[in-house]
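# What follows is a predicted structure for the sequence shown.
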Amino acid sequence: MSDQVNTPGRTGACAEALLVARGLRKAFSGKTVLDGADLVVPRGALVCVLGKSGTGKSVLLKCVAGVLRPDAGEICFDGRTLPAGEGPERAAFRRRCSYLFQSNALFDSLSTLENVMLPLEQTTTMRRREITERARAVLRVLELDEFRERFPSQLSGGMQKRLALARALVTRPELVLFDEPTAGLDPLRRNAVFSMITRYQVELGFTAVVVTHDLEEALVAADRVALLDEGCMRFAGTPAEFRASADASVRAFRDSVEDLRADVAANRAHQPSRRAPHEPLEILPK
Ligand SMILES: Nc1ncnc2c1ncn2[C@@H]1O[C@H](COP(=O)(O)OP(=O)(O)OP(=O)(O)O)[C@@H](O)[C@H]1O
Ligand SMILES: [Mg+2]
C-alpha cells in the first residue's frame, strides 16, 4: 500500500487530511465486512474507492457518514476525532457532510424541487424564497429545472440520479460521500457526472469520496484511488500508481478486461477456457 495512514499517537495525517478513517471494523451477524479498513482523504481531493461488489464499499461509506456505527475504529474529520454516538459534534459533522445513497433515497411524495429544497429547510434558517432560488440554481446546472414539478417516479433512472446529486450538493457541503453516483447511467451521462463533480469541486471547494465501479473514469477524475478487498484497503495511492501497481488484487481488478479478452478468444477458438470450470465468476450481485 503506497499511502501512509495515520497510526495511533500520530496526529499529522489527521490534521492535514480532511477525513481519516482508521482501522474500521464492521460485522453483521458474525460475518466480518470491514476488517480494519483505513481511508485517508486529503482536503480538496477527489478520492475514488474501488472494489468488487459486496466487498463493503457502501458499508464503509455509511460508517463514515454515521448511518452505521462501526464496531471498532476511529474517524477523524477536520483534525478532530468524531465521537461514536450522537451529539453536537456528530450533528456539526452532518451539516458539513453530504451523503449520496446508492439507492438515491429520494422522497417519492415530494416533487423534484421539494426534494432539493428539503435539506436546506432542515439545516438552515434561510427564507423559503431563497431556498427555492438556491434549489432551482442547482437543478438548472443538472438540467432538471424544467422537470421541477415532477415526482421522482416520473423521472428516468438517470434523472433520478442527477436529482440525488442536486440534493447532495445544495447545502454546499465540505465533504460529499458519493455511493455509485453513475450506477445505471449511459457512458455519456457517466462522464457528465464525473465532469460535474470535478467542476463543482472547483466552484464550491468540496472534498469528495466516490465509490464507483467505473474504473477508467475513476482513474481519469480521481486524485487518489483506494481499493477495498476482503475488509481492508489493499491499495491507496494516485491513479498513476494504481496503473503501475503489481499487487495481485489491483491487477485482478484493473486487468479483468484482459482476462475477458483471453477468455473470449479461447471460447471462440473452441479451446478450454483458462478459468477452471468450478471457479465462480462472481459477476452476479450477492
Ligand atoms: N445492514 C446490513 N445488514 C446485514 N448485512 C449487511 C448490511 N449492509 C451490508 N451488509 C452486507 O455487507 C456486505 C457488503 O455490502 P456493501 O453493500 O457494502 O457492498 P458493496 O461493496 O457496496 O457492493 P456493491 O458494489 O454491489 O454496491 C454484503 O455482504 C452485505 O450483504
Ligand atoms: Mg454498494
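Perfect, I can see it now. Ligands and ions are numbered 1, 2, ... in the order given.

# so which residue of the stretch 101-250 of the chain comes closest to ligand 1?
Relative to ligand 1, the nearest point of the stretch 101-250 of the chain is Gln102 (5.8 Å; CB to the nearest ligand atom). In this view, the C-beta of every residue, glycine as well, is placed from N, C-alpha and C.

# can you pull the contacts of that residue?
Ser58, Asp179, Glu180, Ala183, Val211 (CB atoms under 8 Å, 6 or more residues apart in numbering).

# how about the helices in the chain?
Remark: helices assigned in the chain by DSSP state H are 12-16, 57-65, 88-96, 112-123, 128-141, 157-169, 187-204, 215-221, 239-244, 248-254, 256-268.

# Please state the offset of the third one from the chain centre?
I take that to be helix 88-96. How far helix 88-96 lies from its chain's middle: 19 Å, per CA atoms, centre = their mean, to the nearest Å.

# Send me it as PDB with only the CA atoms.
Below are the C-alpha coordinates for helix 88-96, written out as PDB (Å, rounded to 0.1, in the frame of the first residue of the first chain):
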ATOM      1  CA  PRO A  88     -23.200  18.100  18.900                       C
ATOM      2  CA  GLU A  89     -20.000  17.100  17.200                       C
ATOM      3  CA  ARG A  90     -21.800  14.500  15.100                       C
ATOM      4  CA  ALA A  91     -24.600  17.000  14.300                       C
ATOM      5  CA  ALA A  92     -22.000  19.500  13.200                       C
ATOM      6  CA  PHE A  93     -20.300  16.900  11.000                       C
ATOM      7  CA  ARG A  94     -23.700  16.100   9.400                       C
ATOM      8  CA  ARG A  95     -24.100  19.800   8.500                       C
ATOM      9  CA  ARG A  96     -20.700  19.800   6.800                       C
END
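
# for that helix, what is the average pLDDT?
For helix 88-96, the mean per-residue pLDDT is 86.

# now the angle from it to helix 112-123?
Put simply, helix 88-96 runs at 150 degrees to helix 112-123, going by axes from the mean of the first three to the mean of the last three CA atoms, to 10 degrees.

# Need the contact partners of helix 88-96.
Residues outside helix 88-96 that contact it (CB under 8 Å, 6+ apart) are Gly66, Phe77, Asp78, Arg80, Leu82, Pro83, Thr123, Thr171, Pro173, Glu174, Leu175.

# Next, give phi and psi for Thr125.
Main-chain torsions, Thr125, degrees, to the nearest 10: phi -110, psi 20.

# quick revisit: now the two most distant members of the contacts of Gln102.
The most widely separated members of these, counting by CB to CB, are Ser58 and Ala183 (11.1 Å).

# of the two, who's got more company?
Ser58 (20 against 17; other CB atoms under 10 Å).

# wait, doesn't that one sit right on Thr212?
No - in terms of CB atoms under 8 Å, Ser58 does not count as a neighbour of Thr212; the distance is 11.7 Å.

# Let's see the pLDDT reported for the closest residue to ligand 2 within the stretch 51-200 of the chain.
Minimum separation of the stretch 51-200 of the chain from ligand 2 (CB to the ion) falls at Ser58, amounting to 3.2 Å. pLDDT for Ser58: 95.

# coming back round to it: once you drop chain neighbours, what's closest to the residue of the stretch 101-250 of the chain closest to ligand 1?
Sequence neighbours aside, Asp179 is the residue nearest to Gln102 in space, at 4.0 Å (criterion: CB to CB, 6 or more residues apart in numbering).

# Show me the beta-bridge partners of Ala27.
Beta-bridge partners for Ala27, by DSSP bridges, are Thr32.

# Distance of the residue of the stretch 51-200 of the chain closest to ligand 2 relative to Phe206?
As judged by CB to CB, to the nearest Å, Ser58 and Phe206 stand 20 Å apart.

# Could you do Asn191 as well?
Distance from Asn191 to Phe206, by CB to CB: 20 Å.

# which of those two has more neighbours?
Using other CB under 10 Å as the criterion, Asn191 and Phe206 rank with Phe206 on top: 22 against 17.

# Which helix or strand in this protein has the lowest average pLDDT?
Lowest by mean pLDDT, DSSP states H and E among the helices and strands of the chain is helix 12-16, with a mean of 56.

# which ones are touching the residue of the stretch 51-200 of the chain closest to ligand 2?
Taking CB under 8 Å, 6+ apart, one finds Gln102, Asp179, Val211 in contact with Ser58.
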